[in-house]
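**Q** Okay, here's the prediction I keep looking at, along with the sequence it came from:
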Amino acid sequence: IGAFALGIALVVPLALPAMDGGLLDGAGGGVGSGTGGGGTISAVNPLVSLRDSLNVNEDRQVLSVQTDSEDLSDLYLRIVSLDDFDGTTWKPSKRRITAVPDGTFPTPVGLGPDIRRTETRALISAADWYAQDWLPMPYPPSGVRVAGNWRFEPVGMTLVGDHGQNTRGLKYEVRSLNVQPTAEQLAAAPPPSAALTREYTELPDSLPDVVFRTAREVTAGAANPYEQAVKLQEYFAVNGGFEYDTQVKVGSGSEAIARFLKDKEGFCVHFSFAMAAMARSLGIPARVAVGFAPGSPQADGSVSVGLRDAHAWPEVYFEGVGWTRFEPTPTRGSTPSYTITDRPGSSVPDPAVPSQSAEAEPSAAPSSSDTCAPQDKKLDACPNESAVAVPVTGDDGPKWYALPAWALAGLLVLLLPLAPMLWRLRARAVRLGTHGRGAADVGPHTLAVWQELTDAAWDLGILPQESQTPRKAAARIVRLGGLEPTAAQAVHRVADAVEQVLYAPHPRPAAGLAEDVRLATAGLRAAVG
């Protein structure tokens, strides 16, 4: 029976049509007729499986990236841009395609010479099971070295496979521009051309009025399109009361955006669609990009991009800068630095600044522990309420034990507020202590050190997520804590040691973990006020 069942399992799939495992479901290859690099690219819907990718039980690695970029928080891998909103969904327009340019790609539309930029390189390897018609790349690409039948779509600056070409097991190199505009440059951007504005602000007549009304209420007081876009991002990511939930249905039709604005829960598709539609309602050119958010750094220096990193985000056009990424989805990706401004009323959170709401309101009167020394307490010289409560019997004065009792009470009053700190210091000393530990204690000691690292991050506002692997948790601490490379490497060394203890048959001993935790903690503390 077992042999027969195995034979059926091996033979029957060969007779069934194959299913691509990529983020975007196939649509007949996506490329129309044409030779010599010509032809057209047809509209496809890349959102069919995005939610399924986010909800997979096992976060399988899709891409492995090796890059010389120093800022991995901006390492978004863009697959395709969606610029056609027909009232039902966003999809890419039908575009002309050409041969992939040799050497350097043309300058991205709208990018002026006075905008700071650096060129970075990325070597990307796709998993053997990941069959994707579009080539994931950082935006904007400035050059690509890739084998196979690929075509170039100039408007979106994307590469699409021709004649069945896909990314399965592919290795390729991408040169891209890390464009770094300032908030002042974006605020001073002149109006775009009439043709571009007309194409990228088009909205269906069926769009509910609540979208237009909400967009104007949220951006009230903004002086220019840049400030309007920042206010929209803040509304969704910070102060609008929205929650990230991948179980919410994508929905269809224009009413889906209105329902999202009412229920205030969804995932990246809802946030990016709503912000792009609201930006267009304000006359700001906008589109939606689909791809992958930054992955997780690995011990070997690479970045692992998994299925759960599948993401969608809006792009807004500014003349002189070009298409610019925004991030309205809470808890996903990274907030672009050029959207964090110092203007009054901005509520975009700066991870380097602790929340003021966490500070206790100062008392109007000084506490007795701040105004009275322990010596004065022993001499009963403190002008406090307890001084009048000393038991007195006749003319003999206080009993002999009254003075020690009040001294002990005063000491307890001083120690009580310090008890949490003292307990925390004791826990830290026990966890990071290395004396008396033998080879058999390597596992418990490593786990205790990891617990201290996550607790230290928690002390500084980075709440733990128990469902994450040590590698994911380390990457999250580095990202949210804004750690420098030295401290970041210390965090990853501790996470690597924890993985050895949890998963390796014979864990590899790791020295200096306690010092790594102290180094990481110092880095976390240095990043806050």
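**A** Great, that's in hand.

**Q** Now do the same for N45: its pLDDT.
**A** N45 is assigned a predicted lDDT (pLDDT) of 47.

**Q** got it, and the one 3 residues further on?
**A** Each residue has a pLDDT score; the one for V48 is 49.

**Q** ditto for V316
**A** 96.

**Q** Same check on V348?
**A** 46.

**Q** Now do the contacts for A475.
**A** 296-297 (CB atoms under 8 Å, 6 or more residues apart in numbering). Yep, even glycine has a C-beta here, placed from its N, CA and C like the rest.

**Q** In terms of helices and strands, where is it?
**A** Following DSSP states H and E, one finds A475 within helix 470-481.

**Q** send the alpha carbons of that helix over as PDB?
**A** The C-alpha trace of helix 470-481 is given here as PDB (Å, rounded to 0.1, in the frame of the first residue of the first chain):
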ATOM      1  CA  PRO A 470      16.100  34.700  17.500                       C
ATOM      2  CA  ARG A 471      17.300  35.800  14.100                       C
ATOM      3  CA  LYS A 472      14.100  37.800  13.400                       C
ATOM      4  CA  ALA A 473      14.100  39.200  16.900                       C
ATOM      5  CA  ALA A 474      17.700  40.400  16.600                       C
ATOM      6  CA  ALA A 475      17.000  42.100  13.300                       C
ATOM      7  CA  ARG A 476      14.000  43.800  14.900                       C
ATOM      8  CA  ILE A 477      16.000  45.000  17.900                       C
ATOM      9  CA  VAL A 478      18.800  46.400  15.600                       C
ATOM     10  CA  ARG A 479      16.200  48.100  13.400                       C
ATOM     11  CA  LEU A 480      14.000  49.700  16.100                       C
ATOM     12  CA  GLY A 481      16.900  50.500  18.300                       C
END
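
**Q** That helix: how far from the chain's middle?
**A** From the chain centre to the centre of helix 470-481 is a distance of 10 Å (CA atoms, centre = their mean, to the nearest Å).

**Q** And stretch 220-236, by the same measure?
**A** For stretch 220-236, the distance to the chain centre is 21 Å (CA atoms, centre = their mean).

**Q** That one - what's its average pLDDT?
**A** 95.

**Q** What's the end-to-end length of that stretch?
**A** 15 Å (CA to CA, to the nearest Å).

**Q** List of residues touching it?
**A** Counting by CB under 8 Å, 6+ apart, 183, 186-189, 215, 218-219, 240, 242, 271, 274-275, 278-279, 282-284, 316, 318, 326-330, 335, 339, 341, 343, 345-348 sit against stretch 220-236.

**Q** hang on, the earlier thing: pLDDT (mean, whole number) over the helix or strand following the helix holding A475?
**A** Where DSSP H and E defines the elements, the next helix or strand beyond helix 470-481 is helix 485-503. Helix 485-503 shows a mean pLDDT of 90.

**Q** Helix 485-503 packs against which elements?
**A** helix 442-459, helix 470-481, helix 513-526 (3 or more CB pairs under 8 Å, 6 or more residues apart in numbering; DSSP states H and E).

**Q** Mind putting the ones you listed into CSV with mean pLDDT and distance to K264?
**A** Shown next, in CSV, are the helices and strands packed on helix 485-503 (pLDDT from 0 to 100; distance: least, CB to CB, whole Å):
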stretch, mean pLDDT, distance to K264
helix 442-459, 88, 27
helix 470-481, 90, 23
helix 513-526, 90, 32
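
**Q** Out of these, which gets nearest to W90?
**A** The stretch from the helices and strands packed on helix 485-503 with the least distance to W90 (CB to CB) is helix 470-481; that distance is 27.9 Å.

**Q** ok, now how distant is the closest residue to L186 other than its chain neighbours from A504?
**A** Of all residues not flanking L186 in the chain, Y226 sits nearest, at 4.2 Å (CB to CB, 6 or more residues apart in numbering). Relative to A504, Y226 is positioned 50 Å away (criterion: CB to CB, to the nearest Å).

**Q** do E319 as well
**A** 55 Å.

**Q** Same question for Y200.
**A** Counting by CB to CB - Y200 and A504 are separated by 52 Å.

**Q** which of the two has more neighbours?
**A** Y200 (22 against 10; other CB atoms under 10 Å).

**Q** ok, the residue nearest the centre of the chain - contacts?
**A** Closest residue to the average C-alpha location of the chain: G333 at 2.5 Å, with CA atoms, centre = their mean. Contacts here follow CB under 8 Å, 6+ apart; on that basis G333 touches 76, 293-294, 311, 313, 327.

**Q** T329 too?
**A** Per CB under 8 Å, 6+ apart, neighbours of T329: 236-237, 244, 267-268, 271-272, 311, 313.

**Q** Going by neighbour count, list what's buried in the biggest helix by length in the chain.
**A** If you go by DSSP state H, the chain has its longest helix at helix 402-432. Judged by neighbour count (16 or more other CB atoms under 10 Å), helix 402-432 contains these buried residues: 406-407, 410, 413, 428, 431-432.
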